[in-house]
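1. here's my sequence, what's the structure:
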Amino acid sequence: PPSNQLLPSLSTLSLQAPSVYGGLNITGNDVLLAGTEKSTMQNLNDRLASYLERVRSLEKANSLLEKQIKEWYESKTMDVRQDYSSYFKTIEDLQSKLENARLVLQIDNAKLAADDFRLKFENEYLLRQSVESDTNGLLRVRDDLTLTKSDLESQIESINEELAFLKKNHAEEVDRLRTQVKGSVNVEVDAAPSIDLGTVMENMRKQYEEMAEKNRQEAKEQFEKQTAELNQEVALNVEQLEAQRREITDRRQIFQGLELELQSHLNMKKSLEDSLAETEARYSYQIAQIQERIANLEAQLRQLRADMEGQNQEYSLLLDIKTRLEMEIATYRRLLEGEDIGVVLLSVPPCSVLPARQTDAAPAPPWPCLCAQVLGPGSSRLAAGSAGDL
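-> Numbers count the residues shown, from 1 in each chain. Just a heads-up that it's a prediction; the model follows:
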């Protein structure tokens, strides 16, 4: 046949066109193609046009997918890598300022309350001291009056005793004189005039009165002297007592002031401890929230990486398909350039058999096999005959 006559001249022609499933190997040992028919070339041109159209659509889809992947990756990485440390620092500064302001306000309120209570306490304490001083003054006056009364009573008693003693002496002297007068004998002698008994008694009474007045004056002076000494001693003791009381009062005020200051410091310490506990609890809650957010972001990042790996695999698969299609197009272009060749030897795998490079990840070809359209139903027989001739 005519096809067998062309085999010696084309037996050395070997072309390879990798397809989506491993490529088309063109050798002189597999299949003979009678290539001068117009319908076959038209069919080949249609197939080439469909391939070119699909390549263009795949290139557009590939570029669009690359653009979408790039935009999505940039947006996600911007969201993931966004730095909030400056905001955290500002938030911490504002929180510390608010906390300090709150503590200062609490301290000022505590100081104002302490000053108010201190003023009330001082007023009440001064009033109490005034009442105590008045009471002590009245007690001293009572004691002085009691001492004066006792002294006067003792003086009255001594004067009464002295008066009784003088009266007794006077009565005894009067009785003695009367006895002398009764026992005397009236003898008229030429002598000096007799002493007037009334005058003598009057003189004696005056003497005793003068003596009593003198004794009373001396007793009064002595009493006044002793009273003055006692008053001086009492005044000195009172001054010492007042000084000691003032010292005790001052020390008590100092003690109370220190006690109030201690209480205020204890209250401040308690408020600061409460504030510290509240701050620790708040920051612990914030740290827990931040850690939870970090965990969520890490999970999103892992999911993003997994999605990116899947898209990278899909992109690699599409790129591989594109490369194979380009190689197949180049092969068809070389075939079209050699239109004067009558018979071309194509090494095509059977349509029902997949090449070794095909994996589960590669999808089934969306277009029919070329050998069925180009060679027709007798392709298998023609290939067998060609192999026998060779």
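
2. so where's the stretch 51-200 of the chain shaky on pLDDT?
-> The stretch 51-200 of the chain contains residues with pLDDT under 70 at 77-84, 183-197.

3. ok, now with 50
-> Within the stretch 51-200 of the chain, the ranges that satisfy pLDDT under 50 run 185, 187, 189-192.

4. all helices for it, in order.
-> Using DSSP state H, counting those that start in this stretch, the helices of the stretch 51-200 of the chain run over 85-182, 197-337.

5. wait, which of those helices is closest to residue 41?
-> helix 197-337 (8.5 Å; C-beta to C-beta). In short, each C-beta sits where N, CA and C put it, glycine included.

6. tell me the angle the closest one makes with helix 85-182.
-> Counting by axes from the mean of the first three to the mean of the last three C-alpha atoms, to 10 degrees, helix 197-337 lies at 170 degrees to helix 85-182.

7. other SSEs contacting helix 197-337?
-> In terms of contacts (3 or more C-beta pairs under 8 Å, 6 or more residues apart in numbering; DSSP states H and E), helix 197-337 is packed against strand 15-17, strand 24-26, helix 38-81, helix 85-182.

8. that one versus helix 38-81: what angle between them?
-> Using the same axes, to 10 degrees, helix 197-337 lies at 170 degrees relative to helix 38-81.

9. how far off centre is helix 197-337?
-> Centre-to-centre, helix 197-337 and its host chain are 18 Å apart (C-alpha atoms, centre = their mean, to the nearest Å).

10. re the thing from before, of the helices and strands packed on helix 197-337, flag the one that's most buried.
-> Stretch with highest mean neighbour count among the helices and strands packed on helix 197-337: strand 24-26 (a mean of 20; mean count of other C-beta atoms under 10 Å).

11. report the mean per-residue pLDDT for that one.
-> With pLDDT averaged residue by residue, strand 24-26 scores 43.

12. for residue 306, give its distance to residue 312.
-> Between residue 306 and residue 312 the distance is 11 Å, computed by C-beta to C-beta, to the nearest Å.

13. identify whichever of the helices of the stretch 51-200 of the chain lies nearest to residue 70.
-> helix 197-337 (10.8 Å).

14. residue 51 contacts residue 325, correct?
-> Yes - under the criterion of C-beta atoms under 8 Å, residue 51 makes contact with residue 325 at 6.5 Å.

15. just to revisit the earlier point, out of the helices of the stretch 51-200 of the chain, nearest to residue 61?
-> helix 197-337 (7.8 Å).

16. okay, now residue 239: neighbour count?
-> Using other C-beta atoms under 10 Å, residue 239 is surrounded by 10 other residues.

17. distance to residue 270 added to the helices and strands packed on helix 197-337, as JSON lines?
-> Below are the helices and strands packed on helix 197-337 laid out as JSON lines (distance: least, C-beta to C-beta, whole Å):
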{"stretch": "strand 15-17", "distance to residue 270": "89"}
{"stretch": "strand 24-26", "distance to residue 270": "90"}
{"stretch": "helix 38-81", "distance to residue 270": "45"}
{"stretch": "helix 85-182", "distance to residue 270": "11"}
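
18. out of those, the one nearest residue 222 is which?
-> So among the helices and strands packed on helix 197-337, helix 85-182 is nearest, using C-beta to C-beta, at 9.6 Å.

19. the closest one packs against which elements?
-> helix 197-337.

20. need the contact list for residue 74.
-> Residues near residue 74 by C-beta atoms under 8 Å, 6 or more residues apart in numbering: none.

21. can you tell me how far it is from residue 273?
-> 50 Å.

22. do residue 323 as well
-> From residue 323 to residue 273 the distance is 72 Å (C-beta to C-beta).

23. so what's the residue nearest in space to the middle of the chain scoring on pLDDT?
-> Taking C-alpha atoms, centre = their mean, the centroid of the chain lies closest to residue 279, which sits 2.5 Å from it. On pLDDT, residue 279 comes in at 82.

24. spatially nearest residue to it (excluding sequence neighbours)?
-> residue 99 (6.5 Å; C-beta to C-beta, 6 or more residues apart in numbering).

25. thought residue 274 was touching that neighbour, still the case?
-> No - using C-beta under 8 Å, residue 99 makes no contact with residue 274, being 11.9 Å away.

26. I am finished for the moment; much appreciated.
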